[in-house]
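Chemist: Would you be able to build a 3D model of this:
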Amino acid sequence: MKTSNEPNRATPGDNASGSALVVESATGVALGPSPGRPVPDEGTVLGFNRNIFYVGLVSFLTDTSTKMVYSIMPLFLVSIGASKTTLSVIEGIAESTAALVKTASGFWSDKIGRNKPFMVIGYAVTTFVTPLYSAVSSPLHVLLLRFVERFGKGLRTAPRDSLVAGSAAKGDTGRSFGLHKAMDNSGAIVGPLLAFAVLSLVPQGYRTAFLLAAIPAVLGVVTILALISEASKPEDSLYARFRFRDFPRKYYLLLGIIFLFTLGNSTDALLIVKANEVGVKVTYIPLVYLVFNVVSVLFAIPFGRRSDKIGRERVLVFGYLLYAAVYFGFGRTHDVRAVIGLFAMYGLYSAATDGIQKAFVSDLLDENKRGTGLGIYNAMLGLTLLPASIIAGVLYDRVDSSVPFYFGSATAAAAALLMIAFFHRNRRQGAATSRPGTA
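Modeler: You can find the predicted model right below:
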């Protein structure tokens with residue numbers, strides 16, 4: 001494994017038709033085109049591959065829509081009678097639904113060699129459901145709509161991430177996922193701002209915000225249809241039959257570490273409720289959430305680029321430790337100013353982990369299995385959110401409002417220690433295989 005800041009090394013690799021360029025990433029995993037398949041020249045926008053940029057634009061528009069809803073949904077649910085546990089269970093069930101679909105859609109996209117159809121249908125489902133939130137009258141209605149909307153998210157996520165990984169230039173995967181994360185969170189900035197504007201003009205105007213949120217979602221679907229190209233694969237390279245042994249041991253070890261971390265990473269809805277209980281007024285809740293997203297946008301690309309140079313593990317260890325500190329702070333504080341500062345640090349954690357984890361997972365996968373592998377990864381995150389959210393909600397309601405944050409802090413610290421061990425294990429293996437006479 002390469003652990004220094006030296007540039008990526010290009011080494012020749014043989015294939016049936018000649019030689020293909022392989023680039024070793026900072027994690028010691030081969031990047032770049034698979035043998036015999038050159039990366040298509042699709043042009044660039046602002047220095048990024050055209051597909052990657054427009055996928056980011058779709059995420060910006062859709063996240064503007066969903067975060068208009070998400071930034072006020074916890075308070076809306078409380079206003080119609082939901083408890084903290086109910087709120088957490090709704091999010092957990094919704095995300096678990098998405099998780100199960102992500103695995104299937106990822107494998108299916110690998111099997112047929114196409115990503116775009118899954119994106120079109122998945123984003124269209126979200127567009128259809130969003131304005132319907134304005135008609136709900138009970139938490140059960142919200143659960144049903146969240147179930148359908150998350151089904152759409154599950155359908156599109158793994159194929160979309162596979163498209164990003166497949167379109168990334170050699171040695172640029174972290175930066176590419178960093179751009180996607182930055183644009184996604186840019187929508188998460190605009191969305192809460194729009195929600196704040198609606199609530200300022202229309203007190204308790206939750207339903208009005210839900211209706212208006214459909215507009216950017218529609219624009220996202222139009223962008224997919226008009227501007228994103230299909231990254232088709234040769235028929236003889238398609239992944240036709242799923243087998244667990246087709247994926248490397250490192251991949252499963254990484255998933256195990258991320259599982260432990262995610263077990264304490266409950267729904268952000270509890271952070272919003274905590275901010276309100278500390279003293280942040282309902283009208284200003286979207287602005288507090290905005291702080292988190294601004295910081296995440298500013299640092300997502302720099303952290304992605306940094307992970308390309310020094311290794312994903314080091315950046316993830318930093319992110320996990322930062323999360324542990326932030327959640328410990330949420331458990332301790334009762335001060336509005338401290339909560340705002342913690343939301344800013346929470347954005348820094350997000351920039352250092354979300355896109356980096358996806359880049360790391362894609363590093364460990366063969367090109368024809370990326371949709372499946374990323375689908376399993378995304379499914380694991382979603383399925384783990386259900387027990388994580390239930391644990392956090394029950395601890396919040398029945399024990400103490402600080403306890404779920406201490407629990408999350410502890411699991412994050414444990415995940416950081418395991419990631420350090422993972423890093424040293426890979427470095428030792430790399431050193432062993434590089435010795436003269438070692439097979």
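Chemist: Where does pLDDT dip in the stretch 201-350 of the chain?
Modeler: Counting by pLDDT under 70, the ranges of the stretch 201-350 of the chain that qualify are 231-242.
Chemist: can you rerun that using 80?
Modeler: Within the stretch 201-350 of the chain, the ranges that satisfy pLDDT under 80 run 230-244, 266-267, 269, 282-283, 285-286, 289-290.
Chemist: those helices in it, which residues are they?
Modeler: With DSSP state H, counting those that start in this stretch as the definition, the stretch 201-350 of the chain shows helices at residue ranges 206-212, 214-227, 249-263, 269-278, 285-310, 312-332, 336-363.
Chemist: Mind putting those helices into TSV with mean neighbour count and distance to residue 405?
Modeler: Where C-beta positions appear, they are placed from N, C-alpha and C, glycine not excepted. Written out in TSV, the entries for the helices of the stretch 201-350 of the chain read as follows (neighbours: other CB atoms under 10 Å; distance: least, CB to CB, whole Å):
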stretch	mean neighbour count	distance to residue 405
helix 206-212	20	26
helix 214-227	18	32
helix 249-263	19	14
helix 269-278	20	8
helix 285-310	22	15
helix 312-332	22	4
helix 336-363	23	10
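Chemist: Would you tell me which of those helices gets closest to residue 182?
Modeler: Between residue 182 and those, the tightest spacing by CB to CB is seen for helix 285-310, at 4.0 Å.
Chemist: I figured residue 402 hits residue 334, correct?
Modeler: No - at 9.6 Å, residue 402 does not count as touching residue 334 under the criterion of CB atoms under 8 Å.
Chemist: The two: who's more crowded?
Modeler: For residue 402 versus residue 334, neighbours defined as other CB atoms under 10 Å are more numerous around residue 402 (17 against 12).
Chemist: Show me which residues of the helix or strand hosting residue 97 are buried.
Modeler: Per DSSP states H and E, residue 97 falls inside helix 84-112. Neighbour-count burial for helix 84-112, with 16 or more other CB atoms under 10 Å as criterion, is recorded at 84-99, 101-103, 105-112.
Chemist: between that helix and helix 269-278, how big is the angle?
Modeler: Between the direction of helix 84-112 and that of helix 269-278, the angle (axes from the mean of the first three to the mean of the last three CA atoms, to 10 degrees) works out to 150 degrees.
Chemist: Against which helices or strands is the helix or strand just after helix 84-112 packed?
Modeler: In the C-terminal direction, the helix or strand that comes right after helix 84-112 (DSSP H and E) is helix 116-129. If contacts are counted by 3 or more CB pairs under 8 Å, 6 or more residues apart in numbering; DSSP states H and E, helix 116-129 sits against helix 50-70, helix 84-112, helix 139-167, helix 214-227.
Chemist: TSV please, covering those and showing distance to residue 311.
Modeler: As requested, those are exported to TSV (distance: least, CB to CB, whole Å):
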stretch	distance to residue 311
helix 50-70	22
helix 84-112	25
helix 139-167	18
helix 214-227	33
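Chemist: Residue 406 is nearest to which of those?
Modeler: helix 84-112 (16.3 Å).
Chemist: Now do that closest one, average pLDDT.
Modeler: Here the mean pLDDT over helix 84-112 is 76, rounded to a whole number.
Chemist: Can you spell out which helices and strands pack onto that helix?
Modeler: Counting contacts by 3+ CB pairs under 8 Å, 6+ apart, the secondary-structure elements packed against helix 84-112 are helix 73-79, helix 116-129, helix 139-167, helix 269-278, helix 370-394.
Chemist: 7 Å instead?
Modeler: Using 3 or more CB pairs under 7 Å, 6 or more residues apart in numbering; DSSP states H and E as the contact criterion, the neighbours of helix 84-112 among helices and strands are helix 139-167, helix 269-278, helix 370-394.
Chemist: what would those look like in JSON lines with distance to residue 305?
Modeler: Output for the helices and strands packed on helix 84-112, formatted as JSON lines (distance: least, CB to CB, whole Å):
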{"stretch": "helix 139-167", "distance to residue 305": "15"}
{"stretch": "helix 269-278", "distance to residue 305": "28"}
{"stretch": "helix 370-394", "distance to residue 305": "21"}
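Chemist: Of the ones you listed, which is nearest residue 227?
Modeler: Taking CB to CB as the measure, the helices and strands packed on helix 84-112 were each checked against residue 227, and helix 139-167 came out nearest at 12.8 Å.
Chemist: tell me the angle the closest one makes with helix 116-129.
Modeler: Helix 139-167 runs at 150 degrees relative to helix 116-129, counting by the same axes, to 10 degrees.
Chemist: Quick one: list the elements packing against helix 139-167.
Modeler: Contact partners of helix 139-167 among helices and strands, from 3+ CB pairs under 7 Å, 6+ apart: helix 50-70, helix 84-112, helix 116-129, helix 173-201, helix 370-394.
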